[in-house]
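A.B. asks: What shape does this take:
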Amino acid sequence: MSIYVGNIPYQVNEEDLSGVFADYGTVKRVYLPTDRETGRMRGFGFVEMASEAEEDQAIETLDGAEWMGRELRVNKARPRDNDRGGSNRGGASRNNDSLSRNY
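C.D. replies: Numbers count the residues shown, from 1 in each chain. Model prediction:
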């Protein structure tokens, strides 16, 4: 399982985030997605730790904590939903015939 970390300052790198989570156990991996067009960090990331107990401790302690002037959002990462319209920039599924719009 991995941890979702949101509201991360854009200047943060993998070592910075790893250092924060290392206080709660062994960090196995840190991933900070970047925007394909600009190369800029997207403001969220994922952290994998050695055990679920370590992850739970980090989530409990860091969710809502202030770090570098921002309030972190930390929770269990949800599996990626590939049916959310990935390449459809509107975000709606192509198979969703019941999409309603309010104008």
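
A.B. asks: packing partners for the lengthiest helix in the chain?
C.D. replies: Using DSSP state H, we find that the single longest helix of the chain is helix 52-62. Using 3 or more C-beta pairs under 8 Å, 6 or more residues apart in numbering; DSSP states H and E as the contact test, the elements touching helix 52-62 are strand 3-6, helix 14-22, strand 44-49, strand 73-76. Every residue, glycine included, has its C-beta placed from N, CA and C.

A.B. asks: what's the average pLDDT for that helix?
C.D. replies: Averaging pLDDT along helix 52-62 yields 97.

A.B. asks: Quick one: residues in contact with that helix.
C.D. replies: 1-3, 5, 20-21, 24-26, 47, 49, 72, 74-76 (C-beta atoms under 8 Å, 6 or more residues apart in numbering).

A.B. asks: For this protein, give me the ranges with low pLDDT.
C.D. replies: Applying pLDDT under 70 to the chain flags residues 82-103.

A.B. asks: ok, back up a step: quick check: buried residues in the longest helix of the chain?
C.D. replies: Judged by neighbour count using 16 or more other C-beta atoms under 10 Å, the buried positions of helix 52-62 are 54-59, 62.
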